[in-house]
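Student: got a sequence here, can you build the structure:
(chains A, B, C and D)
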Number of protein chains: 4
Amino acid sequence: MRTFEQYLEKLKTMRPNVYMDGGIVARDDARFMPGIRTIGKTFDMAADPEHSELTTAVSHLTGEKINRYTHIHQSQDDLLKKQKMTRMYCRQAGRCIQRCMGIDALNGISVVTKDMDNALGTEYHQRFLKYMEYYQKNDLVGNAAQTDVKGDRSLRAFQQEDPDMYLRIVERQKDGIIVRGAKAHNTIAPYADEIIAFPTRAMTTKDSDWAVAFAMPADTEGMYLVSVAHNQREKEELPSPFAETGTAHSITIFDNVFVPWERVFMCGEDKFAGQMASLFALYHRHSYTGCKPALTDILMGAAALVSEYNGLEKASHVRDKLADMVTVAELVYATGIAASVTSKCSASGTYVPEVVYTNVGRYHAGVNVYHEFEILADLAGGLAATLPHEKDFFEPTVGPLLNKYIKRKSGVSSEDIHRCYRLIEGLICSAPGAASQVSGIHGGGSPIMEKIAIMAQYDLSKNKELAKFLAGIKS
Amino acid sequence: MRTFEQYLEKLKTMRPNVYMDGGIVARDDARFMPGIRTIGKTFDMAADPEHSELTTAVSHLTGEKINRYTHIHQSQDDLLKKQKMTRMYCRQAGRCIQRCMGIDALNGISVVTKDMDNALGTEYHQRFLKYMEYYQKNDLVGNAAQTDVKGDRSLRAFQQEDPDMYLRIVERQKDGIIVRGAKAHNTIAPYADEIIAFPTRAMTTKDSDWAVAFAMPADTEGMYLVSVAHNQREKEELPSPFAETGTAHSITIFDNVFVPWERVFMCGEDKFAGQMASLFALYHRHSYTGCKPALTDILMGAAALVSEYNGLEKASHVRDKLADMVTVAELVYATGIAASVTSKCSASGTYVPEVVYTNVGRYHAGVNVYHEFEILADLAGGLAATLPHEKDFFEPTVGPLLNKYIKRKSGVSSEDIHRCYRLIEGLICSAPGAASQVSGIHGGGSPIMEKIAIMAQYDLSKNKELAKFLAGIKS
Amino acid sequence: MRTFEQYLEKLKTMRPNVYMDGGIVARDDARFMPGIRTIGKTFDMAADPEHSELTTAVSHLTGEKINRYTHIHQSQDDLLKKQKMTRMYCRQAGRCIQRCMGIDALNGISVVTKDMDNALGTEYHQRFLKYMEYYQKNDLVGNAAQTDVKGDRSLRAFQQEDPDMYLRIVERQKDGIIVRGAKAHNTIAPYADEIIAFPTRAMTTKDSDWAVAFAMPADTEGMYLVSVAHNQREKEELPSPFAETGTAHSITIFDNVFVPWERVFMCGEDKFAGQMASLFALYHRHSYTGCKPALTDILMGAAALVSEYNGLEKASHVRDKLADMVTVAELVYATGIAASVTSKCSASGTYVPEVVYTNVGRYHAGVNVYHEFEILADLAGGLAATLPHEKDFFEPTVGPLLNKYIKRKSGVSSEDIHRCYRLIEGLICSAPGAASQVSGIHGGGSPIMEKIAIMAQYDLSKNKELAKFLAGIKS
Amino acid sequence: MRTFEQYLEKLKTMRPNVYMDGGIVARDDARFMPGIRTIGKTFDMAADPEHSELTTAVSHLTGEKINRYTHIHQSQDDLLKKQKMTRMYCRQAGRCIQRCMGIDALNGISVVTKDMDNALGTEYHQRFLKYMEYYQKNDLVGNAAQTDVKGDRSLRAFQQEDPDMYLRIVERQKDGIIVRGAKAHNTIAPYADEIIAFPTRAMTTKDSDWAVAFAMPADTEGMYLVSVAHNQREKEELPSPFAETGTAHSITIFDNVFVPWERVFMCGEDKFAGQMASLFALYHRHSYTGCKPALTDILMGAAALVSEYNGLEKASHVRDKLADMVTVAELVYATGIAASVTSKCSASGTYVPEVVYTNVGRYHAGVNVYHEFEILADLAGGLAATLPHEKDFFEPTVGPLLNKYIKRKSGVSSEDIHRCYRLIEGLICSAPGAASQVSGIHGGGSPIMEKIAIMAQYDLSKNKELAKFLAGIKS
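Tutor: Now for the predicted structure:
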């Protein structure tokens, strides 16, 4: 297993193909460091014996101890542990831990490559296992590049005016393939080792050139990562763990990228594109049953703390709203447990979370995101939006006045109240806070996508038969 | 294990102390038969080998095969099976199966009697086990009499103007105790073998005379069961399984009832009253994670069927609303699974479902009840409320016209459409349908009670500490 | 203006063509009397000088004082008064006053007949005015027969397998027309003087035989009214105003009914069918801005009263829920005021309520119906569903016990608590109560219909232009 | 009436007492210019004859034409026009127009000063009218300084450890008074001419030193404005109206400020403090019935535009969500109309909006804010959160690729799509966007405050009497 330092050193050696705000930037640019520090926790805590039961696993390929973020789930217990680990990490980071996406994609690919081989006689699975061993040995950080830019949303891949609107095979060569297109919303990509690309939706036979999956280093020739970083404003006087972590995303452009065969996991098998798309979604939504409760924990903790400082912790409307937050968090977490203990073993040996529980959980999380922010905003009051700048609290003339007037409940220092509101400002009144609402809705698939997944899997006919039985309808 | 016939015969022999609509009525009065037939399913299906894995268990007292409705949970798997069985039975009955409440109470009592003995050196648990053996051997049907009539809701038991507003010990005698008071909302009581009474809330030391629990035959001297039955209107021409089952409740009055010591399970131990109250609630709410999904199944099945008959099954707003119903059902069911697999073994050996998952599940079910009825009403349209009487469809002049004009999608017979709407009328436009909304909210505790249970158990401080950590607050 | 007695006498003389529960019944059948008594209030209070400013108007045709329920709105103030009168009557009746529908239909017809004449040179409006004078002079009670039975909902009128699924002209004769079909959900019809029929939706040129409107006496040859009545169970010991009123509906079948030309208001003008359908809906939804607040008033009043009796009136969760009910009622009422003061005068001189305000008001009422019942159920507790029969409170043995145990707050008599719960049982735990939920959703058009009406009228492009302006988009 | 230039020149001459980010800043600091430009619209459009009917009024003091933002409402029509003007301005500015608050405060003060004079024989009203004439003549911009910092929320003003937690009179002198304290959330203050201070809540007799109201220039000796500005990131390549406006707030500290008597409008009259607090709230909530619909218009316009660009404008789920937004906007707007046409004339001659309609409107707006953002986020998709920086679209290597891959529906240019998403990013994924959620909840009073106002005014007893009447309860 790598250390944080090794991971960071490697980033510095990579080919510069990350763009931000008008030019090329280093992978260890200051604006990426909060994101990099977030990933750092997954190295530090995997090395910490106190946490290793959750944070590490034993490779089914080599028998060696590996970071759980490189593990393919071999049991129901693995899924339970992954969910628990996710909640723990997101609490530590104060936000999305990000590293889940790569391994969620690889778990999905592990299942589909085996199923393709069984159905079509291909040899993807062995190829995949070899790659997986490499991934585990090098303790890699992977980005999942799924969402194509999609052009006109009412058209399929092959119908687009510009065929590159979905990532596609433009040429099959002896040693590999050439691909072109772009994937959007690639969280973690600017500081990932690998980009793992795969379809965003089911494909028809006419779309077979768009049925493509592979994994390549993030600095491969022809790849451009145009990035944005979402960080808290730096704190000069009152640093805090919350302000030290962050996130970044890229749109990842593949401009005639060559992928050697040993890294190709799907190449034209359109019938399996949908399964690969939905299996990543499934694993990733299962991860959400761990991370979303952690985000609720944070919002809830802040809401409870500010209510305590305001002297209102026991007010019935406060208790009521906190209970709403507990309810959302634990309903979602419960679905992840249920999906884990009812997961099934696939032909590849990989365990697959139950679809309906996973999707209702992610759905419930998604439709409650804005409401949770609303609760914190409601309980915190307007100061979240009008808090003066940090420096003003230390300015000689107005600083003492601000510290006098920010006081609330007796016994709580001005600094603690200031810190509490600074956290809340970061959570709900900052650009990254606002972005976390959007990713809370869309990450892993929008609520409408979960409903579609639910209805695709749910056997509605058994309930129609039940209604017929009860009504005495025989036909 | 008993048969339905044996159960029914026993009812006929009981002392007549059931009142309804102005006088004493027989326990097998026609108005109780739909309820009795509902209970009947729990005898019939326990005897059916196809269902016995779910519907029966092995007694930990005698090693004999028993009806699962007389079983004390010995494992996490027992809780999972109980939940699954509950959903199955409620689907079969088209409604609340009712028999859960007695065994939910007894599971709670099994835990508390042991805890009391351990803490106080009493001998309740042995006494309870002896009773339990009797209950299993005779395959009894028990009512859980918990909710006191409560008088002024802002006062405790000992503060009431009339001390009988909570059931209480009025005298301790050599052979037993005399109790007085009344318990409300006693579903199943008119056709139960036994009444199991226990506290409705925590008690203070001043309330110790109100800390009382016991089980007595439902026809004991001094007990009056004033009843109401909720049945569908009888169908003369188009009988259906839905119209054959039903429910009844009583207010059970204890007018100086003598209870011999061997049937007393709490007598003045006020400190344990709250635990007993909340443990029944917990087991019963766990049962709701099985029954509420079944009720959603029925409403959802009817909604899907009528949409199909209307030719609108694929309309996006219909799919969307059906998905809402699936989401409610499976979120609730998932919490029951999670509560089962994280249940803990108590000192008595009885497994206790995890509190938070159970309560968020029951809460979510409760706050969605009315919305589920709304969805069915929305999709069914006004005919649910204006459907002519059954006989009019068979009247020579207007019958043929009604059958002509009730037609919907080609290929579906008038009778099937009629039957479908008759079911929906029964579900959402009848007195029992309306009552099922109310019991869907209040049964096992109103939503506000679940929130209280959640907040009592949830460790909010760990999330406040998390907020402090992220904000950099040290104090 | 007629008296209640004159109205009732007239009903007794009508040709018996009302069917219920398997045969012909009299129009003054006991089961219709609660509905008839409801309508009676509109005669009694029109005659009462204290209420006459609201309940009467001056005919613009004759200058005579008329019942406002026969008035065509001549000003914004007329619309404000209609709304206010509606709330007042529904509060008095404890439910839907029902008589609004006829005059809502006639207001719509007044506008469309004029517009047709202007566009097509027809002479419908004069014909209509003559009928209207007759209607006012005889102070008639009219039913609005709009909703066709509709067969397969995915097909238009002319596409149906059976062409009678929408009411249609089967023959044009010298003196009039022959019509066939059936209209559903005809509230008030069993005790109405007149049936006013008109299209339920827009029609295409192929549907012109289905574009038909007329008014005929409810006992016309060929008409069959198959009815259901929704009444409270009769109270023998504790009569109450709430239990004395009620509702009835019919499916009204037109089996080759002859309509003379002077009563035909549309005959094949398919282009105007949609306008007529939507104008009735508009007037009727405007009436809902008066009646729905009244129904909320009743539910809210019951909720406040039972909370007071329980000693919980000041509990914050009770106040919070009552405020929710006030908010729904007054939001809806406010839209009716806004729609009235922004109403426009049509070519006919009739004032037409503003469409968007009216529809958002009715929509908001519709989507909150179930939630309002939920609040009352929540605050009332389980006794609404398990209240013993009235007679049991007077039975010698258990009556005194019930009266002892039903007591709540000191100083409130058992009878008052009993009466309060009897009212609540009627409101939320009875068949008519359940039916009022369904009619609260669907009456005047389901929420989805209001959304369609809103989007049809709302100029969304002005807001897209606004977004373009703010974004700096020029194209 | 002033011009924008005159207003700006005046700002430059004011004493520098505005602090931001660690030091004193000029009032025309670049970070305040977006806010100043927002206010500028209220000068420009008042001078524009096309808009003058809405944007100007005739002074009841001088008979001269004045900016409506300096007008005291003399009729129902004035309130209707104010509401309409507010919606118009906020649409133009793309956000809160801010200038409403000063005049809302002055309208409230106009009523209370008269009522105080009538009750107590004071002479506040004449003093106020003189000030008002000055305010109109100089076309001033006023901030409403209401919300005290409040310290421990569970204590009243006089109970606070530090008595300055509510603004108070520390000394009464011959020529005026000395005040100390701080007011929070003072939008517009850094570029306002005047600060109008008044109580935030009802006061008891012990709080009389805290019952104080006055108006003073914003640069008065002893006043410190510690500010934050919420602006969109500056656009270098693609400027837009949306990016040019903005908002700023301050916490306004009064450190022993002298106020001459002619500018004191309340000084110790504790009984009238509550009325003054709630009347400002009432006028300001009435303003919200104009501004909140405008903000919905903007979010809705953006949602409709992006859906059009995505080729999904006609999808049923899109139409459904847009209809939700229309419904919120027009329900809220309707309440403002209703509150205007039912407004009453006070003793001062000033018209006062009806309380219940105003409050239910503001409440409904407040509880829907987050949901509206959610809808836009849902329809826009993840790109709102991951849109690359503006400069990257113009960078030679990746710029052309970004413009290729951002394309959506055929016929819409890359720039327009980019602009559309830049607007949406500003609305929902920026710090000012997030702050607008918080101010959407708390501005003019949080939802809980409106519920309190509603319940304080609503005559619940009339509905309890109604329930008693219907139940037959005589006592």
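Student: neighbours of the residue in the stretch 251-400 of chain A that chain D sits nearest to, how many?
Tutor: Of all residues in the stretch 251-400 of chain A, the one sitting closest to chain D is residue A:391 (3.3 Å; CB to the nearest CB). For the C-beta atoms, the positions are set from N, CA and C on the backbone; glycine is no exception. Using other CB atoms under 10 Å in any protein chain shown, residue A:391 has 15 neighbouring residues.
Student: tell me who's in contact with it.
Tutor: Taking CB atoms under 8 Å, 6 or more residues apart in numbering or on different chains as the criterion, residue A:391 is in contact with A:236, A:237, D:21, D:22.
Student: just the buried members of these?
Tutor: The neighbour-count criterion (16 or more other CB atoms under 10 Å in any protein chain shown) marks D:21, D:22 among the contacts of residue A:391 as buried.
Student: now the two most distant members of the contacts of residue A:391.
Tutor: For the contacts of residue A:391, with distances taken as CB to CB, the pair at the greatest spread is A:237 and D:21 (12.3 Å).
Student: and of the contacts of residue A:391, the nearest to chain B?
Tutor: Using CB to the nearest CB, the shortest approach to chain B within the contacts of residue A:391 belongs to residue A:237, at 10.7 Å.
Student: whichever residue of the stretch 1-150 of chain A sits closest to chain B: how many residues sit nearby?
Tutor: At 4.5 Å from chain B, residue A:94 is the closest residue in the stretch 1-150 of chain A, using CB to the nearest CB. If you count neighbours by other CB under 10 Å, residue A:94 ends up with 27.
Student: ok, now residue A:35?
Tutor: Burial measure for residue A:35: 27 neighbouring residues, criterion other CB under 10 Å.
Student: quick one, phi psi at residue A:162?
Tutor: phi -100, psi 110 (degrees, to the nearest 10).
Student: so it touches residue D:407, yeah?
Tutor: Yes: because the distance of 6.7 Å satisfies CB atoms under 8 Å, residue A:162 is recorded as touching residue D:407.
Student: can you list residues touching both of those two?
Tutor: When contacts are counted by CB under 8 Å, 6+ apart, residue A:162 and residue D:407 are jointly contacted by residue A:151.
Student: from residue A:108, how far off is residue A:265?
Tutor: Here the distance between residue A:265 and residue A:108 works out to 10 Å (CB to CB, to the nearest Å).
Student: next, the buried residues of stretch A:255-262.
Tutor: When burial is assessed from 16+ other CB under 10 Å, stretch A:255-262 yields the following buried residues: A:255, A:257, A:259.
Student: quick one, what contacts the first one?
Tutor: Contacts here follow CB under 8 Å, 6+ apart; on that basis residue A:255 touches A:180, A:222, A:223, A:224, D:401.
Student: residues near residue A:284, how many?
Tutor: Residues within reach of residue A:284, counting by other CB under 10 Å, total 24.
Student: just the pLDDT for it.
Tutor: The predicted local confidence for residue A:284 comes out at a pLDDT of 98.
Student: do the same with the one 4 residues further on
Tutor: Turning to residue A:288, the model gives it a pLDDT of 97.
Student: tell me where the stretch 201-350 of chain A has helices.
Tutor: In order along the chain, the stretch 201-350 of chain A carries the following helices (DSSP state H, counting those that start in this stretch): A:241-244, A:273-309, A:316-341.
Student: what residues does the first one touch?
Tutor: This points to helix A:241-244. Under the criterion CB under 8 Å, 6+ apart, residues A:34, A:37, A:94, A:232-235, A:423, A:426, B:469-472 lie in contact with helix A:241-244.
Student: just give me how far it sits from the chain centre.
Tutor: Helix A:241-244 has its C-alpha centroid displaced from the chain centroid by 19 Å (CA atoms, centre = their mean, to the nearest Å).
Student: in the helix or strand of chain A with the lowest mean pLDDT, what's buried?
Tutor: Sorting the helices and strands of chain A by mean pLDDT, DSSP states H and E puts helix A:447-457 at the bottom, at a mean of 93. Neighbour-count burial for helix A:447-457, with 16+ other CB under 10 Å as criterion, is recorded at A:447, A:449, A:450, A:451, A:452, A:453, A:454, A:455.
Student: what's the angle between the following helix or strand past it and helix B:273-309?
Tutor: Proceeding C-terminally, helix A:447-457 gives way to helix A:460-471 as the next helix or strand, assigned by DSSP states H and E. Angle between the axes of helix A:460-471 and helix B:273-309 is 100 degrees (criterion: axes from the mean of the first three to the mean of the last three CA atoms, to 10 degrees).
Student: pull the longest strand from chain A.
Tutor: Ranked by number of residues, the top strand in chain A under DSSP state E is strand A:246-260.
Student: quick one: mean pLDDT over it.
Tutor: The pLDDT scores in strand A:246-260 average 98.
Student: walk me through which strands it pairs with, and which way each runs.
Tutor: Strand A:246-260 has these partner strands in its sheet, going by DSSP bridges: strand A:176-183 (antiparallel), strand A:223-231 (antiparallel).
Student: contacting residues for the nearest residue to residue A:378 once chain neighbours are set aside?
Tutor: The shortest distance from residue A:378 to any residue that is not its chain neighbour, by CB to CB, 6 or more residues apart in numbering or on different chains, is 6.1 Å, and that residue is residue D:441. Residues counted as contacts of residue D:441 (CB under 8 Å, 6+ apart) are A:374, A:377, A:378, D:366, D:369, D:370, D:447.
Student: tell me the spacing between the residue in the stretch 201-350 of chain A positioned nearest to chain C and residue D:154.
Tutor: Nearest residue of the stretch 201-350 of chain A to chain C, counting by CB to the nearest CB: residue A:316, 4.5 Å away. Residue A:316 sits 13 Å away from residue D:154 when distances are taken as CB to CB.
Student: ok, now residue A:167?
Tutor: In this view, residue A:167 and residue D:154 are 59 Å apart by CB to CB.
Student: more neighbours: which of the two?
Tutor: Set side by side, residue A:167 and residue D:154 give different neighbour counts by other CB under 10 Å, the larger being at residue A:167 (29 against 13).
Student: from residue A:190, how far off is that one?
Tutor: Counting by CB to CB, the gap from residue A:167 to residue A:190 is 19 Å.
Student: what does the one helix or strand residue A:10 maps to contact?
Tutor: Assignment of secondary structure by DSSP H and E places residue A:10 within helix A:4-13. Under the contact criterion CB under 8 Å, 6+ apart, helix A:4-13 has outside partners A:26, A:27, A:28, A:36, A:39, A:40, A:43, A:44, A:139, A:141, A:191, A:193.
Student: show the subsequent helix or strand relative to it.
Tutor: Past helix A:4-13, heading to the C-terminal end, the next element that is a helix or strand (DSSP H and E) is strand A:18-20.
Student: and that following strand, does that touch chain D?
Tutor: Yes: looking at strand A:18-20 against chain D by CB under 8 Å from any CB of the partner chain, the contacts come from A:19, A:20.
Student: could you give the separation of that strand from the chain centroid?
Tutor: For strand A:18-20, the distance between its averaged C-alpha position and the chain's averaged C-alpha position is 21 Å (CA atoms, centre = their mean).
Student: other SSEs contacting that strand?
Tutor: With contacts defined as 3 or more CB pairs under 8 Å, 6 or more residues apart in numbering or on different chains; DSSP states H and E, the secondary structure elements packing on strand A:18-20 are strand A:223-231.
Student: now the strand it packs on: average pLDDT?
Tutor: The average of the pLDDT scores along strand A:223-231 is 97.
Student: gap between it and the chain center?
Tutor: The chain centroid and the centroid of strand A:223-231 are separated by 16 Å under CA atoms, centre = their mean.
Student: same deal with stretch A:444-454?
Tutor: Per CA atoms, centre = their mean, the centroid offset for stretch A:444-454 relative to its chain is 15 Å.
Student: intersection of neighbour lists for residue A:265 and residue A:108?
Tutor: Taking CB under 8 Å, 6+ apart as the criterion, residue A:265 and residue A:108 both touch residue A:198.
Student: ok, residue A:69 - how many residues close by?
Tutor: Taking other CB under 10 Å as the neighbour definition, residue A:69 ends up with a count of 31.
Student: list the contacts of it.
Tutor: Here residue A:69 is in contact with A:42, A:46, A:99, A:100, A:102, A:103, A:141 (criterion: CB under 8 Å, 6+ apart).
Student: I appreciate the help and will end here.
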